[in-house]
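>>> Okay, predicted coordinates and the sequence, questions at the end:
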Amino acid sequence: MTKTAENELFPYSPITERPPITWPGGARVAVYIGLNVEHFLVDRPSTSIWPGTADLVPDALNYGWRDYGPRVGVWRTIESLDRHGVRASVLLNSAVADRYPQIIRAGLERDWAWLAHGRTNSILQAGMTRDEERRFLTDVVGTIAAATGRRPRGWMGPGLTETFDTPALLAELGLGYVLDWTNDDQPYELNVPGMLSVPYSVELNDLLLFGKGTSGPEFVRIVKDQYEQLHADSEHSGRVMALALHPFVIGQPFRARYLDEALEYLAARPDIWLTTSDEIAEHYRRTLAERAQSTGSA
């Protein structure tokens, strides 16, 4: 009989039984925009809009759809973010640093938060030995640090994939949080010293929503519904809302107005902390330290 692996990364913690979280300025919901800036290989299957050609090499249809992101879509998305004063939390494939330096420069001008997101989204974070993964992650983190002048603090795996060793190896490299475990509306500690999980979403995610046929007006309504429910939930303890965007999806011309409408709505909320995933993780870490100090002094 095959032994089933137990989840040793984090314990069960119902949100109703936790100490309250407060956000800066009395905000009730912390919101960040997770902007996926990715590179795809021309000779590997990956995210596709039409499966009929996905296994071909080259797959001009699907590769071209994805390649619209760095060539056009990201620049349209940047314009929307700029209009509403929003700093992106960029989930960055390290291969972007060499191939699309103009995007790196644009992000540096806007003080984006940079998270490590593997080397390319054509290769998932799986199947490596611990030593292989340590070398791989060291290269990814080092490449991003050299390109941006800032060592990434957070991680999201390509396709939200990890090995059982990933969080501990990231902690060795000085990173402090992951987005891969989309199971909560609040940050929480992992059973790896120094490592947190920060909420991300595969539901409030343009790739999944529009891939299921969601219209632009429906997308705006979903963003509003998500915020309003989290705001109601946060009466006694703060919540986190992540809006996940991919430039080859949200950057399409006919969707631009709907991203603008969603960002305009969020930027106008009085009880929002419109921030980055880095700042959410850092604030929560300070909260834990203050709570531990208070408990120790008592």
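In hand now; what should we look at? Every value quoted in this text rests on a predicted model; they were computed, and no experiment measured them.
>>> Could you list the low-pLDDT ranges of the stretch 1-150 of the chain?
Low-confidence segments of the stretch 1-150 of the chain (pLDDT under 70): 1-2.
>>> which residues in the protein form strands?
For the chain, the strands defined by DSSP state E occupy 29-37, 88-92, 113-116, 154-155, 177-178, 188-189, 196-197, 239-245, 272-275.
>>> partners of the second one in the sheet?
Meaning strand 88-92. Paired strands of strand 88-92, with direction, are strand 29-37 (parallel), strand 113-116 (parallel) (DSSP bridges).
>>> buried residues in that strand?
88-92 (16 or more other Cβ atoms under 10 Å). Every residue, glycine included, has its C-beta placed from N, CA and C.
>>> Identify, from the residues you listed, the entry nearest to Gln186.
Distance to Gln186 across the buried residues of strand 88-92 (Cβ to Cβ) is lowest for Ser89, with 16.8 Å.
>>> Hmm, the closest one is touching Asn36, no?
No: taking contacts as Cβ atoms under 8 Å, Ser89 lies outside contact range of Asn36: 10.1 Å.
>>> Nearest to Ala262 among the strands of the chain would be which one?
Using Cβ to Cβ, these put strand 239-245 closest to Ala262, at 7.4 Å.
>>> Enumerate every residue touching Val249.
Val249 makes contacts with 69, 73, 206-207, 210-211, 255, as judged by Cβ atoms under 8 Å, 6 or more residues apart in numbering.
>>> which of the residues you listed lies closest to Ala232?
Nearest to Ala232 among these, with distances taken as Cβ to Cβ, is Asp206, at 24.2 Å.
>>> Quick check: the closest one touching Ala244?
Yes: contact criterion Cβ under 8 Å: Asp206 and Ala244 qualify, at 6.7 Å.
>>> Next, name the residue at the spatial heart of the chain.
For the chain, the residue nearest the mean C-alpha position is Gly34 (4.3 Å; Cα atoms, centre = their mean).
>>> Could you give the bridge partners of the nearest residue to that residue once chain neighbours are set aside?
The shortest distance from Gly34 to any non-neighbouring residue, by Cβ to Cβ, 6 or more residues apart in numbering, is to Ala244 (4.6 Å). Here Ala244 sits in beta bridges with Gly34, Asn205, going by DSSP bridges.
>>> could I get the strands paired with strand 88-92 as JSON lines with distance to Ser215?
JSON lines is the format used below for those (distance: least, Cβ to Cβ, whole Å):
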{"stretch": "strand 29-37", "distance to Ser215": "21"}
{"stretch": "strand 113-116", "distance to Ser215": "30"}
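>>> thinking again about what came up before, going by neighbour count, which of the contacts of Val249 are buried?
By 16+ other Cβ under 10 Å, the contacts of Val249 give 69, 73, 206-207, 210, 255 as buried.
>>> And those, which two are furthest apart?
Once Cβ to Cβ is applied, the buried ones among the contacts of Val249 give Gly69 and Phe210 as the farthest pair, at 13.5 Å.
>>> Cross-check the contact I'm expecting between Leu124 and Pro158.
Yes: look at Leu124 against Pro158 with Cβ under 8 Å: they come within range, at 5.4 Å.
>>> which of the two has more neighbours?
Pro158 (21 against 15; other Cβ atoms under 10 Å).
>>> Just the helices from the stretch 101-250 of the chain, written as ranges.
Assigned by DSSP state H, counting those that start in this stretch, the helices in the stretch 101-250 of the chain fall at 101-109, 130-148, 166-172, 206-211, 216-233, 247-250.
>>> Return the most buried member of those.
Greatest average neighbour count among those goes to helix 247-250 (a mean of 26), per mean count of other Cβ atoms under 10 Å.
>>> before we move on, the earlier item: output the helices of the stretch 101-250 of the chain in JSON lines, with distance to Arg119 appended to each entry.
Listed next are the helices of the stretch 101-250 of the chain as JSON lines, based on distance: least, Cβ to Cβ, whole Å:
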{"stretch": "helix 101-109", "distance to Arg119": "15"}
{"stretch": "helix 130-148", "distance to Arg119": "6"}
{"stretch": "helix 166-172", "distance to Arg119": "14"}
{"stretch": "helix 206-211", "distance to Arg119": "19"}
{"stretch": "helix 216-233", "distance to Arg119": "30"}
{"stretch": "helix 247-250", "distance to Arg119": "18"}
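>>> Brilliant, that's me finished.
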